[in-house]
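[1] Predicted model follows, preceded by the sequence.
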Amino acid sequence: MPVGYLISVLVAAAATLLALAPRPTGGPRPTPSFIVETAANELPFLILYWLVASTLLALAQGNFSSPVGWIGLGLAVPTAAGLAIVVGRAMRARPSLDAARRAALDGGPRGAATTSSLRRSRVPLGRVLVAPVRLPSKAVEGTRNVAYGPAGRANLLDVYRNRSHPAGSPVFVYFHPGGFFSGRKSREGRPILDRLVRDGWVCVSANYRLRRDGAFPANLTDAKRVIAWVREHADDYGADPGTVVVAGGSAGAHLAAMCALTANDPAFQPGFESANTTVSAAVGLYGYYGPAPTGERIPAAPADYARADAPPFLVIHGDRDPMVPAEEARRFAETVGAASSNAVVYAELPGGQHNFDRFPSIRCAAVAEAVAAFGGCVRSAG
């Protein structure tokens with residue numbers, strides 16, 4: 001009985017179904033289904049390889065002489081069709097990002113000053129098909145575990161720059177996701193950082209204090225310390241302290257937005273009140289923009305600090321995010337956009353879920369191009 005083949009197909013079918021219709025997590029909890037659907041949605045080709053290999057093995061073993069084998073094959077066909085839908089949704093990321101850019105331009109001069117057409121480099125299908133996992137980039141040189149503050153491991157950052165050591169490089173600071181209670185600097189965001197480093201940016205990815213070490217605003221203070229550290233040590237890495245873009249995923253997007261909207265606020269800079277913590281722009285990826293967990297009676301949501309002189313924003317969210325509904329990100333972008341004199345570009349990715357910057361996928365490649373284009377415009381406008 002070809003039970004093994006049937007089980008293999010059932011596993012692939014379940015992962016594909018979760019990618020097509022993710023289950024809400026009900027909060028910042030990495031449930032088992034969330035982990036499976038996130039990986040399946042960004043790496044559908046791995047499931048397809050599993051499905052094809054299992055089918056070829058079943059054929060070689062003569063499993064289709066049994067009804068169970070034919071049942072497995074009958075499930076494999078719609079599973080492959082489902083994977084095609086997942087890939088098709090990912091391919092729509094680039095047009096959606098370009099449409100968001102056009103919408104910002106339609107808003108008038110403030111949009112034109114901070115956005116440009118996305119680069120028309122081809123989708124890296126070859127790399128995605130052959131090696132759908134991140135490989136080290138020869139162009140990237142890393143300096144790891146640099147202390148930027150007094151909180152031990154929670155105050156460490158990594159610096160990535162081009163091995164050619166260009167001078168006057170703009171700086172991109174990334175804060176990791178994790179619901180304010182987990183995560184680390186070396187996981188998400190790396191494909192985007194690699195892309196920017198190849199363009200000559202200096203990229204910084206930082207840890208920050210999590211809930212067990214201190215609730216908000218301790219983590220915001222850490223994020224601002226990173227910006228202050230960047231300006232103090234820019235010369236050491238050939239960086240231009242005049243162009244600093246902050247970004248993050250999920251909880252990290254919350255911190256990036258707060259940094260952009262509370263620049264130089266001494267209430268969040270205890271001990272370094274005079275440090276310059278202004279930023280040139282902010283990028284939010286699958287962001288959480290609600291109130292942060294806090295033990296103090298202070299506003300803890302980025303929208304609470306929306307203001308007219310906010311820097312440009314690029315907000316990218318998936319329309320099928322099971323952890324943070326797209327409506328919340330859309331509402332945040334609208335609130336800041338209504339208050340700010342600068343552009344707030346909002347893009348919603350078809351089929352996009354959470355953590356879409358962890359793997360070098362089709363969707364992540366499109367997002368990296370959009371971030372690079374946005375950063376390039378911010379740099380030229382500065």
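    It's in. These figures come from a predicted structure and were not determined experimentally.
[2] can you pull out the strands in the stretch 201-350 of the chain?
    Along the stretch 201-350 of the chain, counting by DSSP state E, counting those that start in this stretch, strands occupy 202-206, 239-249, 281-285, 313-318, 344-349.
[3] Run the angle between the third one and strand 313-318 for me.
    Going back to what we said before, that points to strand 281-285. Counting by axes from the mean of the first three to the mean of the last three C-alpha atoms, to 10 degrees, strand 281-285 lies at 10 degrees to strand 313-318.
[4] Ok, the longest one next?
    What separates the directions of strand 239-249 and strand 313-318 is an angle of 30 degrees, with the same axes, to 10 degrees.
[5] Give the pairing partners of strand 239-249; include direction for each.
    Next to strand 239-249 in the sheet, as set by DSSP bridges, lie strand 169-175 (parallel), strand 281-285 (parallel).
[6] which parts of that strand are buried?
    Neighbour counts over strand 239-249 (16 or more other C-beta atoms under 10 Å) mark 239-240, 243-249 as buried. The C-beta positions use only the backbone N, C-alpha and C, and glycine is treated the same way.
[7] Counting residues, what is the longest helix that the protein contains?
    Assignment by DSSP state H gives helix 67-91 as the longest helix of the chain.
[8] From the chain's centroid, how far away is that one?
    Chain-centre distance of helix 67-91: 28 Å, with C-alpha atoms, centre = their mean, to the nearest Å.
[9] now swap in stretch 91-101 and tell me
    Stretch 91-101 has its average C-alpha position 16 Å from the chain's average C-alpha position, going by C-alpha atoms, centre = their mean.
[10] Likewise for stretch 174-192?
    Averaged C-alpha coordinates place stretch 174-192 at 8 Å from its chain's average position (C-alpha atoms, centre = their mean).
[11] Let me see the confidence value for residue 91.
    For residue 91, the pLDDT comes out at 93.
[12] just to revisit the earlier point, what's the following helix or strand after the longest helix of the chain?
    helix 93-106 (DSSP states H and E).
[13] residue ranges with poor pLDDT in the protein?
    Residues of the chain that meet the criterion pLDDT under 70 lie in 1, 105-128, 130-135, 214, 382.
[14] Quick check: residue 217 vs residue 363, distance?
    33 Å (C-beta to C-beta, to the nearest Å).
[15] higher neighbour count, these two?
    Neighbours per residue (other C-beta atoms under 10 Å) separate residue 217 from residue 363, with residue 363 holding more: 30 against 23.
[16] A helix includes that one, no?
    Yes. Assignment of residue 363 by DSSP: H, G, I helix; E, B strand; the rest coil places it within a helix.
[17] For residue 48, see how far away residue 75 is.
    For residue 75, the distance to residue 48 - C-beta to C-beta - is 14 Å.
[18] Revised request: answer the last question for residue 173.
    Using C-beta to C-beta, residue 173 is found at 36 Å from residue 48.
[19] These two: which is more packed in?
    Higher neighbour count among residue 173 and residue 48: residue 173, with 27 against 19, using other C-beta under 10 Å.
[20] Would you mark the buried spots in the helix or strand in which residue 372 is found?
    Residue 372 belongs to helix 362-381 when assigned by DSSP H and E. Under the neighbour-count criterion of 16+ other C-beta under 10 Å, helix 362-381 has 362-379, 381 buried.
[21] what's the answer for stretch 29-41, then?
    Using 16+ other C-beta under 10 Å as the test for burial, stretch 29-41 gives 30, 33-34, 36-41.
[22] the inter-axis angle of the longest helix of the chain versus helix 93-106?
    Helix 67-91 runs at 20 degrees relative to helix 93-106, counting by the same axes, to 10 degrees.
[23] which residues are contacting helix 67-91?
    Residues from elsewhere that reach helix 67-91 (C-beta atoms under 8 Å, 6 or more residues apart in numbering): 1-3, 5-6, 8-10, 12-13, 16-17, 19-20, 40-42, 44-45, 47-48, 51, 54-55, 58, 63-64, 123, 350-352, 361-363.
[24] What about those residues, which are in helices?
    Among the contacts of helix 67-91, DSSP H puts 3, 5-6, 8-10, 12-13, 16-17, 19-20, 40-42, 44-45, 47-48, 51, 54-55, 58, 362-363 in helices.
[25] quick check: domain ranges of this structure?
    Annotated domains of the chain cover 3-90, 92-381 [automatic domain parsing].
[26] now, of the ones you listed, which is deepest in the fold?
    Each of the domains of the chain was scored by mean neighbour count; the highest is domain 92-381, a mean of 20, by mean count of other C-beta atoms under 10 Å.
[27] and it, how far apart are its ends?
    End-to-end distance for domain 92-381: 29 Å, by C-alpha to C-alpha, to the nearest Å.
[28] rewinding a little: looking at the buried residues of stretch 29-41, spot the one nearest residue 295.
    Checking the buried residues of stretch 29-41 against residue 295 with C-beta to C-beta, the nearest one is residue 30 at 24.2 Å.
[29] so what's the closest one up against?
    With contacts defined as C-beta under 8 Å, 6+ apart, residue 30 is in contact with residue 182.
[30] from memory residue 191 sits against residue 369, does it?
    No. If you go by C-beta atoms under 8 Å, residue 191 and residue 369 don't touch, sitting 11.0 Å apart.
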